[in-house]
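Enquirer: what's the 3D shape of this:
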Amino acid sequence: MTFFAVEDLSMTFGGLKALDKVSFEITRGEIFAVIGPNGAGKTTLFNCINGIYPPTGGDIVFKNNNIRGLKPDRVAKAGIARTFQNIELFSNMNTMENIMIGRHLFMKTGLLRGGLMWGRRSFAGKEEIENRRKVEQIIDLLELQTFRSKFVGGLPYGIQKKIELGRALAAEPELLLLDEPCAGMNAEEKQDVVFWIKDIQDELGITILLIEHDMNMVMDISNRILVLNFGRPIAMGVPDEVSVHPEVLKAYLGEDDADDASGP
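Expert: From the prediction side, this is the model:
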């Protein structure tokens, strides 16, 4: 069974090709990174996968089903969750409430029925208890206990990034898309992110598709890496192979510098 694959994916905005026949496959349980210079098409790729943009060509296969063109809610229900480069939290809600939003896929009780929740033994009451139990597990995993009841708008940036990660995990994804999880973080916070991602992979068994500009982090944590430049794949392989690939050096350093870096 194909767990996840992108096949000849293309995305055009007017006359601009943001993605040009991008193909790759991810096996269950690995950490797969997508890197490239600014404007390479990385975020556009994520937007196509989770249904924000309808691709102009190609296919997106998840567990043998073609999900190309599905709306974001359908993609989430299929088992794919995502974080964003720019934090998308509700600042006037606390940490628990923000993470609980990620559980909406599992809430069968409608608004009216939930409002008439009579006691812990009612269906709505049992549902609420179960969803809160799942959220508490995520809070423990990400060490957010201190911030459980605090409004997120006044919390440090690094903590907000963790909360957004927690909200994505609350959807119980099989594939997690992480869009620059280390953006804006200091060295200590970045190291924490590495530990969380490895815990998510090892303890929860979640497959991870990652966009990140911190090359040290990418090389340390990834099983395989895809490099994009101007919407086209230019290299793919394990970190040691990608880091010395001439096309990658050229894309990041420029042609003259890449020639110098490769030796005499």
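Enquirer: Low-confidence stretches in the stretch 51-200 of the chain?
Expert: 108-125 (pLDDT under 70).
Enquirer: Show me where it has its strands.
Expert: 57-62, 65-66, 80-82, 175-179 (DSSP state E, counting those that start in this stretch).
Enquirer: Sheet-wise, list the partners of the first one with their directions.
Expert: Pointing back at strand 57-62 there. strand 4-13 (antiparallel), strand 65-66 (antiparallel) (DSSP bridges).
Enquirer: Turn the strands of the stretch 51-200 of the chain into a markdown table, including mean neighbour count.
Expert: Quick note: C-beta positions are derived from backbone N, CA and C, even for glycine. As requested, those are exported to a markdown table (neighbours: other C-beta atoms under 10 Å):
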| stretch | mean neighbour count |
| --- | --- |
| strand 57-62 | 18 |
| strand 65-66 | 12 |
| strand 80-82 | 25 |
| strand 175-179 | 23 |
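Enquirer: out of those strands, which comes closest to Asn131?
Expert: strand 80-82 (15.5 Å; C-beta to C-beta).
Enquirer: which residues sit against that closest one?
Expert: Applying C-beta atoms under 8 Å, 6 or more residues apart in numbering, the external contacts of strand 80-82 come out as 46, 49-50, 62, 67, 102, 168-169, 171, 173-179.
Enquirer: Which one of these is nearest to Gly231?
Expert: Nearest member of the contacts of strand 80-82 to Gly231, counting by C-beta to C-beta, is Phe46, at 13.5 Å.
Enquirer: so the closest one touches Ile211, yeah?
Expert: Yes: Phe46 is within contact range of Ile211, at 6.6 Å (criterion: C-beta atoms under 8 Å).
Enquirer: For the contacts of strand 80-82, work out which two are farthest apart.
Expert: Ile67 and Leu169 (20.3 Å).
Enquirer: what about these two, which has more around it?
Expert: A direct count of neighbours by other C-beta atoms under 10 Å for Ile67 and Leu169 places Leu169 higher, at 24 against 19.
Enquirer: Once you drop chain neighbours, what's closest to that one?
Expert: Ile138 (5.1 Å; C-beta to C-beta, 6 or more residues apart in numbering).
Enquirer: again, but for Ile159
Expert: Distances taken as C-beta to C-beta, 6+ apart place Phe147 nearest to Ile159, at 5.9 Å, with adjacent residues excluded.
Enquirer: mind checking how far that neighbour is from Lys190?
Expert: 19 Å (C-beta to C-beta, to the nearest Å).
Enquirer: So for those two, which sits in the more crowded spot?
Expert: A count of neighbours by other C-beta under 10 Å puts Phe147 above the other of Phe147 and Lys190, at 20 against 17.
Enquirer: returning to what we had before: joint contacts of Phe46 and Ile211?
Expert: Counting by C-beta under 8 Å, 6+ apart, the residues touching both Phe46 and Ile211 are 177, 179.
Enquirer: Span of stretch 77-91 from start to end?
Expert: Using C-alpha to C-alpha, to the nearest Å, one end of stretch 77-91 lies 25 Å from the other.
Enquirer: nope, stretch 194-214 is what I was after
Expert: 11 Å.
Enquirer: Show me which positions of that stretch end up buried.
Expert: 194, 196-197, 200-201, 206-212, 214 (16 or more other C-beta atoms under 10 Å).
Enquirer: Could you dump the residues you listed into CSV and include distance to Glu7?
Expert: Formatted as CSV, the buried residues of stretch 194-214 follow (distance: C-beta to C-beta, whole Å):
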residue, distance to Glu7
Val194, 31
Trp196, 31
Ile197, 26
Ile200, 26
Gln201, 25
Ile206, 23
Thr207, 18
Ile208, 20
Leu209, 15
Leu210, 20
Ile211, 20
Glu212, 24
Asp214, 29
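Enquirer: right, and out of the residues you listed, which lies closest to Asp20?
Expert: In terms of C-beta to C-beta, no member of those lies closer to Asp20 than Ile211, at 17.8 Å.
Enquirer: Just give the nearest non-adjacent residue to the closest one, would you?
Expert: What sits nearest to Ile211 in space, not counting adjacent residues and going by C-beta to C-beta, 6+ apart, is Lys42, at 4.7 Å.
Enquirer: same check, this time on Lys21
Expert: Asp8 (4.7 Å).
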